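Asker: quick one: sequence plus predicted model below, questions after.
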Amino acid sequence: MGFRTYTCPISRRCGGCEWLAVPYPIQLRRKQEQMEELFEPVCRHDGCSVSKIAGMDDPRGYRHKAATPYAPGAKGRIRSGFYESGSHRLVYCKSCLVEDRRARPILNDVAIVAQRLRIPAYQEDRGTGVLRHAVVRIGYASGEELLTVVTNGDALPRARRFVTAIRELHPHLTSVVQNVNDRRTNAILGRRNVTLFGPSHMHDSLLGCSFEIGPTSFYQTNPQQTEVLYGLAIRAANAQPGMRVMDAYCGTGTIGICLASEARRQGVRDVRVVGVEQVGNAVECARRNVGANCLADSCEFVRDDATAFMARAQRGGERFDVVVMDPPRAGSTPEFLEGVCRLAPERVVYVSCNPFTQVRDLSILQDGGYRVTSIEPVDMFPHTKHVETVVALSRR
Ligand code: SAH
């Protein structure tokens with residue numbers, strides 16, 4: 001790998017790729033050093049070390065999900081792009097270095113088509129207008145293309161003509177979904193989806209398992225590195241015959257299903273996964289994903305708050321040999337972590353998109369009888385400061 005840097009005409013204003021000016025091998029070295037510094041007390045306490053970060057061979061085009069806000073421009077135009085860092089001013093983006101190259105043209109053409117059909121863009125300060133955002137998701141293995149158009153309320157004027165026009169420009173689109181978000185928040189997506197064209201969900205596969213992904217369900221953005229991340233988590237879980245695994249914060253069930261499938265492939269018998277996730281739509285996807293991968297005998301998914309589920313598992317005297325957990329950036333709760341310690345699984349595999357909250361959470365597990373045995377960073381977001389980690393713990 002050479003020490004080249006990549007350029008982007010809007011990188012100074014967009015603020016998405018804060019580290020773009022830094023050659024990729026040096027970015028990786030920096031991330032490695034940061035993780036070693038952050039985990040130093042953990043390593044000292046438990047006598048372990050941070051493994052070498054798993055980087056990408058080609059750190060471009062890795063984002064398989066892309067989104068844009070829309071705003072009214074001059075003379076009835078509709079603007080799209082990225083918010084300038086720290087503001088709500090839009091910078092136009094013709095093509096984005098880190099996104100799958102099929103995504104951005106679709107997002108920009110949504111603005112052009114809406115403009116032509118006089119579908120008004122949302123005015124953030126007044127809460128008026130229709131077109132708020134669009135999100136494109138492109139399947140890594142499947143190549144399916146799902147466009148979600150977010151509207152401020154149920155009405156999408158001239159919806160049929162809109163769909164015809166965007167499909168004419170992008171005949172590879174496999175689904176077009178309208179998502180309704182009438183809340184005045186920064187959250188992109190609302191709760192209600194209306195399918196305008198094609199199936200309501202798309203499919204993709206990871207590690208040989210196929211997954212149904214809804215417009216509002218969480219699915220990792222960088223699928224290539226997700227396979228690396230999941231591979232590390234599955235290895236750390238170390239499936240044994242008859243093992244019971246909790247997949248907490250499971251989204252559409254991807255980690256648990258890949259784990260059960262890998263165990264089956266290796267002939268490890270009677271591995272059972274119970275996943276818990278609070279978003280109903282994701283749980284429904286997870287259940288269908290179990291069926292699609294013929295794992296009905298080994299996986300089940302529950303819709304619940306992870307902390308409440310943990311408390312219930314304890315009251316019911318349930319046994320889990322491994323807890324895999326992958327909470328959002330804010331991390332887990334002390335109650336969940338204390339619950340893990342009381343449940344006393346043999347191993348805990350903590351996958352994190354925010355190692356700072358992870359280190360905080362690890363201290364509760366360490367105080368409760370666990371020892372960190374490995375820390376494996378993965379670069380899921382080249383050119384940004386973000387790092388993901390897989391930390392394995394064993395009962396002392
Ligand atoms: N493991 C999945 C999802 C990780 S993202 C994957 O790799 O795709 C974190 C997930 O935790 C999201 O799906 C989010 O909806 C869910 N979540 C957030 N808070 C939760 C809580 N308190 N209880 C259960 N699930 C929660």
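Answerer: Okay, I see it. Computed from a predicted structure; not experimentally measured.

Asker: for Pro327, give me its contacts.
Answerer: Residues in contact with Pro327, defined by Cβ atoms under 8 Å, 6 or more residues apart in numbering, are Ala248, Tyr249, Ala306, Ser352, Thr357, Asp361. The way it works is simple: take the backbone N, C-alpha and C, and place the C-beta from them, glycine included.

Asker: tell me the phi and psi of the first one?
Answerer: As for Ala248, its main-chain torsions (degrees, to the nearest 10) stand at phi -90, psi 140.

Asker: how far away is it from Asp379?
Answerer: Note on Ala248: its distance to Asp379, by Cβ to Cβ, to the nearest Å, is 24 Å.

Asker: comparing these two, which shows the higher neighbour count?
Answerer: For Ala248 versus Asp379, neighbours defined as other Cβ atoms under 10 Å are more numerous around Ala248 (28 against 25).

Asker: is it true that that one touches Ala308?
Answerer: No: contact status for Ala248 versus Ala308: not in contact, 11.3 Å apart, counting by Cβ atoms under 8 Å.

Asker: what about the residue in the chain that the ligand sits nearest to, which helix or strand?
Answerer: For the chain, the nearest residue to the ligand under the criterion Cβ to the nearest ligand atom is Gly251, separated by 2.9 Å. Gly251 is part of no helix or strand, with elements assigned from DSSP states H and E.

Asker: I'd like the distance between it and Phe211.
Answerer: Applying Cβ to Cβ, the value for Gly251 to Phe211 is 10 Å.

Asker: again with Arg104
Answerer: Using Cβ to Cβ, Arg104 is found at 24 Å from Phe211.

Asker: also Glu144?
Answerer: On the measure of Cβ to Cβ, Glu144 and Phe211 end up 11 Å apart.

Asker: neighbour count for these two, which is higher?
Answerer: Using other Cβ under 10 Å as the criterion, Glu144 and Phe211 rank with Phe211 on top: 27 against 20.

Asker: count the neighbours of the closest residue to Tyr62 other than its chain neighbours for me.
Answerer: Excluding the flanking residues, the one nearest Tyr62 by Cβ to Cβ, 6 or more residues apart in numbering is Asn222, at 4.6 Å. As a burial measure, Asn222 scores 24 neighbours (other Cβ under 10 Å).

Asker: Asn222 reaches His64, doesn't it?
Answerer: Yes: with contact taken as Cβ under 8 Å, Asn222 and His64 are classed as touching, separated by 7.1 Å.

Asker: where does Pro345 land in three-state SS?
Answerer: For Pro345, the assignment made with DSSP: H, G, I helix; E, B strand; the rest coil gives coil.

Asker: so who does Pro123 touch?
Answerer: Careful, residue 123 is Gln and not Pro. Ala71, Pro72, Gly129.

Asker: out of the residues you listed, which touch the ligand?
Answerer: The subset of the contacts of Gln123 within reach of the ligand, by Cβ under 6 Å from any ligand atom, is empty.

Asker: what does the stretch 151-300 of the chain put close to the ligand?
Answerer: Counting by Cβ under 6 Å from any ligand atom, the residues of the stretch 151-300 of the chain lying close to the ligand are 218-220, 249-251, 254-255, 276-279, 282.

Asker: any chance of those in TSV, plus secondary structure, pLDDT and neighbour count?
Answerer: Supplementary listing: these in TSV, determined by DSSP: H, G, I helix; E, B strand; the rest coil; pLDDT from 0 to 100; neighbours: other Cβ atoms under 10 Å:
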residue	secondary structure	pLDDT	neighbour count
Phe218	coil	87	19
Tyr219	coil	91	23
Gln220	coil	94	24
Tyr249	coil	98	19
Cys250	coil	97	28
Gly251	coil	94	23
Thr254	helix	97	27
Ile255	helix	98	30
Val276	strand	98	26
Glu277	strand	97	26
Gln278	coil	95	16
Val279	coil	90	17
Ala282	helix	88	24
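
Asker: between those, which is closest to Val135?
Answerer: Each of these was scored against Val135 by Cβ to Cβ, and Tyr219 proved nearest at 11.3 Å.

Asker: from what I can see the closest one touches Ile213, true?
Answerer: Yes: using Cβ under 8 Å, Tyr219 and Ile213 qualify as a contacting pair, with a distance of 4.6 Å.

Asker: is it fair to say Asn281 lies in a helix?
Answerer: Yes: assignment of Asn281 by three-state DSSP places it within a helix.

Asker: list phi and psi for Leu229.
Answerer: For Leu229, the backbone dihedrals (degrees, to the nearest 10) come out as phi -60, psi -50.

Asker: that one - how many residues pack around it?
Answerer: When neighbours are defined as other Cβ under 10 Å, Leu229 has 25 of them.

Asker: just the buried residues of the helix or strand of the chain with the lowest mean pLDDT, please?
Answerer: Considering only helices and strands, the least confidently modelled element of the chain by mean pLDDT, DSSP states H and E is helix 11-14, at a mean of 90. Neighbour counts using 16 or more other Cβ atoms under 10 Å place Ser11, Arg13, Cys14 of helix 11-14 among the buried residues.

Asker: same thing with stretch 169-186?
Answerer: His170, Leu173, Thr174, Ser175, Val176, Val177, Gln178, Asn179, Val180, Asn181.

Asker: again with stretch 53-60
Answerer: Going by 16+ other Cβ under 10 Å, stretch 53-60 has these buried residues: Ile53, Ala54, Gly55, Met56, Pro59, Arg60.

Asker: what about the nearest residue to the fifth one once chain neighbours are set aside, distance to Tyr219?
Answerer: Distance criterion Cβ to Cβ, 6+ apart; nearest residue to Pro59, sequence neighbours excluded, is Pro382 at 3.4 Å. Computed with Cβ to Cβ, the distance linking Pro382 and Tyr219 is 19 Å.

Asker: over to Glu99?
Answerer: When Glu99 is compared with Tyr219 (using Cβ to Cβ), they lie 15 Å apart.

Asker: in the stretch 251-396 of the chain, what spans have low per-residue confidence?
Answerer: Within the stretch 251-396 of the chain, no stretch has pLDDT under 70.

Asker: tell me how many other residues surround the closest residue to Leu173 other than its chain neighbours.
Answerer: Nearest in space to Leu173, with sequence neighbours left out and distances taken as Cβ to Cβ, 6+ apart, is Glu145 at 4.9 Å. Using other Cβ under 10 Å, Glu145 has 22 other residues around it.
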